[in-house]
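Colleague: pasted the sequence and its predicted model underneath.
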Amino acid sequence: MRRILIAAIAMVAAGCAAMPTVAPKGDFAPDAEFTLVLPETWSYWPPNQNLATVGGYLSRDGMLLNRVHLMTLKDGERILKFKGKDGETPSWSSTATEYEIVELVTSSLLKIGYNTMEADNVRPATVDGTDGIAFDLSGKWKNGLNVKGDVLAVKKNDKLNLVFFLAPELHYYGDVKDEVELIMASIDLK
């Protein structure tokens, strides 16, 4: 009887395990205030299965190999779901400058296991007719792995719509970078 009870508990626990959903090629509506078009099928991890950051994320090969974070932040909200070890985690302000948006992203990423994270090539970007910014990321994961990324940020209605892509520099970044650029270019703000 005890073995049956243990097996039943194990089956229930397995059923509760976090699993992504399929995000099929075509129009996609993440848990954010924008939609986008996926050129190929990805996996989608919704916000309730994303332990580190708000919003959901897309992945082709697994969270540590490539991921595209998708979120909309209201005034005072944070990218991270938790406070840093020092008790501080940067938050979004509707009055933030472009520099402060860059700092929000890089500082937040430093709190989740990156030893370094730097922004480069900050430039204007237009998203669905609205002015925003784009920039490149480069850093090192705590195990020494070199990571690259791209960020697209646009303010609309005092909210920050944010998409950022992160992947190991070796192979994975270059493997899906062109597709991520298409995804970013397809964003339709609500």
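Modeller: Arrived safely. Residues are numbered from 1 along each chain as shown.

Colleague: list of residues touching stretch 39-49?
Modeller: If you take C-beta atoms under 8 Å, 6 or more residues apart in numbering as the criterion, stretch 39-49 is touched by 18-25, 28, 30-31, 54-60, 63, 68, 179, 182-183. All C-beta atoms are positioned from the backbone trio N, CA, C, and that covers glycine.

Colleague: selecting buried members of these in ChimeraX, what would you type?
Modeller: With 16 or more other C-beta atoms under 10 Å as the criterion, this ChimeraX line picks the buried residues out of the contacts of stretch 39-49:
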select :20,23,28,30,54,55,56,57,58,59,60,68,179,183
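
Colleague: list the contacts of residue 61.
Modeller: residue 172.

Colleague: state the pLDDT value of it.
Modeller: According to the prediction, residue 61 has pLDDT 87.

Colleague: that older thread, now, the contacts of stretch 39-49 that are in helices?
Modeller: Using DSSP state H, the subset of the contacts of stretch 39-49 located in helices is 179, 182-183.

Colleague: residue 99 in helix, strand or coil?
Modeller: Recorded secondary structure, residue 99: helix (DSSP: H, G, I helix; E, B strand; the rest coil).

Colleague: just give me the neighbour total for it.
Modeller: Counted with other C-beta atoms under 10 Å, residues neighbouring residue 99 total 11.

Colleague: how far away is residue 41 from residue 68?
Modeller: 13 Å (C-beta to C-beta, to the nearest Å).

Colleague: same deal with residue 146?
Modeller: Applying C-beta to C-beta, one obtains 19 Å for the distance of residue 146 from residue 68.

Colleague: got the buried residues for the strand ranked longest in the chain?
Modeller: Using DSSP state E, we find that the single longest strand of the chain is strand 114-127. Using 16+ other C-beta under 10 Å as the test for burial, strand 114-127 gives 114, 117, 119, 125, 127.

Colleague: likewise stretch 142-159?
Modeller: So for stretch 142-159, counting by 16+ other C-beta under 10 Å, buried means 147-156, 159.

Colleague: hmm, which two among these are most spread apart?
Modeller: 147 and 156 (28.4 Å; C-beta to C-beta).

Colleague: quick one: low-confidence parts of the protein?
Modeller: By pLDDT under 70, the low-scoring segments of the chain are 1-18, 84-87.
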